[in-house]
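Peer 1: show me the folded form of this:
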Amino acid sequence: MNQSRRTFLKNSALAAAAASFMPGSSFAAPTKKRILGIQLYSVRDDMKNDPAGTLQKLAAMGYKYVEHANYIDRKFYGYGAKEFKSLLDGMGLKMLSGHTRMDPQHWDESKKDFSDSWKWTVEDAAVAGQHYVISPWLDASLRKTYDDLLHYMDVFNKCGELCKKSGMKFGYHNHDFEFSTVLDNKKVFDIILQHTDPELVAQQLDIGNLYNGGAVAIAIVMQYPGRFELMHVKDEIKAASGSEKYESTILGQGIVNTKQVADLGRKSGGTQHFIIEQESYQGKSPLDCAKEDLAIMKKWGY
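Peer 2: Numbers count the residues shown, from 1 in each chain. Below you'll find the predicted structure:
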């Protein structure tokens, strides 16, 4: 049996289990407002060349929320925090979350305090209107041993306390190593989920990245109900090139069972923020993919 056939059967079995796990009549409608947005890394080259023009095109498609992936020298895509918020406001857009790596240099162990640069990151995020400050990476030096990682989870919780002072929440976004790296017989992802305070640290589950780590999205949502406040909505197909087995594609065209995973996240996983992200385009333009993905999510009732 080839790998794609195994993956199909595994996903089908989990999908059936998820269906029995969440009968439609047993869940009340969500009381919080559901957020549907786009991670701007999906259109990274367009944002690099023409940030304002690209944002205007996304707004014209019908997007209301964006998530940044570019904060450098206290600027978002070249704009200061107030200036960027003003730009977004003028287009009817809001940026409730953003990705900025919290790296080892941002925590001073001797002082038990964050660096000024990280405090500025949190400050500028609040000014820009964010509700979540999300780190999309965990430096390799912080996950060499179980004790190293466990110690840094205390830093995650402290960052949650820091963000809370500004009315926000710290968050973490997975890639693939969290599911393939094992420390003291525990996967890195499990260590993160089990040693962060849900009241202080939100989890943004990237339902596509994890496939390259050998995980299955719907199984993870079932394993940790209520833990995923945010979700990167993706689909995956076999990669045409490169070192990774899978690459992202138009929603509904790959192996993720994207709609069912998103539905389960909303109904049992606590998910309110659904952020579209597509990083590979199979010959289409990134903006065309963004438009198509939004239309699919709306067709699915989001």
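Peer 1: report the next helix or strand after the one helix or strand residue 231 maps to in sequence order.
Peer 2: Secondary-structure assignment from DSSP states H and E places residue 231 in strand 230-233. Using DSSP H and E, the helix or strand that follows strand 230-233 towards the C-terminus is strand 236-238.
Peer 1: hey, C-alpha coordinates of the strand holding residue 231 in CSV?
Peer 2: Extracted in CSV, the C-alpha atoms of strand 230-233 (Å, rounded to 0.1, in the frame of the first residue of the first chain):
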residue,chain,number,x,y,z
LEU,A,230,-6.8,30.2,16.6
MET,A,231,-6.3,28.0,13.5
HIS,A,232,-4.2,28.4,10.4
VAL,A,233,-6.6,27.0,7.8
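Peer 1: and the strands in the stretch 1-150 of the chain?
Peer 2: Applying DSSP state E, counting those that start in this stretch to the stretch 1-150 of the chain gives strands spanning 35-39, 65-68, 71-72, 75-76, 94-99, 107-108, 113-114, 132-135.
Peer 1: the first one vs strand 94-99, what angle?
Peer 2: The directions of strand 35-39 and strand 94-99 differ by 50 degrees, with axes from the mean of the first three to the mean of the last three C-alpha atoms, to 10 degrees as the criterion.
Peer 1: could you give me the average pLDDT of strand 35-39?
Peer 2: Taken as a whole, strand 35-39 has a mean pLDDT of 98.
Peer 1: do the same with the last one
Peer 2: The average pLDDT within strand 132-135 is 98.
Peer 1: in that strand, what counts as buried?
Peer 2: For strand 132-135, burial by neighbour count (16 or more other C-beta atoms under 10 Å) applies to 132, 133, 134, 135. Quick note: C-beta positions are derived from backbone N, CA and C, even for glycine.
Peer 1: can you check stretch 164-179 too?
Peer 2: Neighbour counts using 16+ other C-beta under 10 Å place 168, 169, 170, 171, 172, 173, 174, 176, 177, 178, 179 of stretch 164-179 among the buried residues.
Peer 1: what's the answer for stretch 119-126, then?
Peer 2: Of all the residues in stretch 119-126, those buried under the rule 16+ other C-beta under 10 Å are 121, 122, 124, 125, 126.
Peer 1: how much space separates the second one from residue 279?
Peer 2: Summarising the geometry, the distance separating residue 122 from residue 279, computed by C-beta to C-beta, to the nearest Å, is 27 Å.
Peer 1: what do you get for the fourth one?
Peer 2: Relative to residue 279, residue 125 is positioned 23 Å away (C-beta to C-beta).
Peer 1: same deal with the first one?
Peer 2: Computed as C-beta to C-beta, the residue 121 to residue 279 distance reads 23 Å.
Peer 1: output the contacting helices and strands for the strand holding residue 231.
Peer 2: For strand 230-233, the contact count by 3 or more C-beta pairs under 8 Å, 6 or more residues apart in numbering; DSSP states H and E identifies strand 169-173, strand 201-206, helix 258-268, strand 273-276 as packing neighbours.
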